[in-house]
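> The following block contains a protein sequence and its predicted model.
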Amino acid sequence: MTTQIVNLTQRSVNRKIEETLKQNSEGADSQHFANPDLQHKLIAYVLKRINNCYVAVEPGSETTLETMVNCELQCHQLDCLIRQGMDVLQQVPADRLQPPRHTALDANYFEKEPSHWFG
């Protein structure tokens with residue numbers, strides 16, 4: 001059989017964020033993070049700041065980060081980073097979280113202006 005390389009950290013981050021948001025379902029945190037884009041930003045925030053753990057597994061076998069050696073330390077670090085990411089993302093103004101929108105004026109400018117790429 002062939003083996004697959006699996007990022008255990010990403011699985012754990014996704015699961016822990018879901019658990020954290022469910023635990024705080026009545027709070028302002030869950031309402032703020034009901035937006036899937038904001039949840040993705042939180043996942044990205046945590047993954048950028050934590051060491052990733054990759055393993056080679058046989059297809060069909062289930063391995064989690066909790067079965068790895070430094071589980072308690074990594075889980076504590078993960079909880080702290082999720083809370084920190086939630087705090088940081090709540091402080092960012094909503095207009096900065098949205099991707100920039102191009103207006104019709106921008107599109108017309110690029111259609112009329114010749115490209116200087118080739119000299």
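Alright, I've got the coordinates. If you're wondering where the values come from, they're calculated on a predicted model, not measured in any experiment.

> on contacts alone, who are the packing partners of the top helix by length along the chain?
Longest helix of the chain, by residue count under DSSP state H: helix 71-91. Contacts defined by 3 or more CB pairs under 8 Å, 6 or more residues apart in numbering; DSSP states H and E place helix 71-91 against helix 8-23, helix 28-32, helix 36-49. Using the backbone N, CA and C atoms, a C-beta is placed for each residue, glycine as well.

> what about the protein, any weak spots by pLDDT?
1, 27-30, 62-71, 94-119 (pLDDT under 70).

> 90 instead, please
Low-confidence segments of the chain, defined by pLDDT under 90: 1-12, 20-37, 50-78, 89-119.

> so residue 77 touches residue 83, yeah?
No: at 11.0 Å, residue 77 does not count as touching residue 83 under the criterion of CB atoms under 8 Å.

> So these two - more neighbours on which side?
Comparing residue 77 with residue 83 by neighbour count (other CB atoms under 10 Å), the higher total belongs to residue 77, at 15 against 12.

> any idea how far residue 34 is from the more buried one?
26 Å (CB to CB, to the nearest Å).

> ok, residue 79 - contacts?
By CB atoms under 8 Å, 6 or more residues apart in numbering, the contact set of residue 79 is 16, 20.

> any idea how far it is from residue 17?
Counting by CB to CB, the gap from residue 79 to residue 17 is 10 Å.

> quick one on the thing from earlier: now distance to residue 92 and mean neighbour count too, for the helices and strands packed on helix 71-91, in TSV please.
Below are those laid out as TSV (distance: least, CB to CB, whole Å; neighbours: other CB atoms under 10 Å):
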stretch	distance to residue 92	mean neighbour count
helix 8-23	17	16
helix 28-32	11	14
helix 36-49	9	15
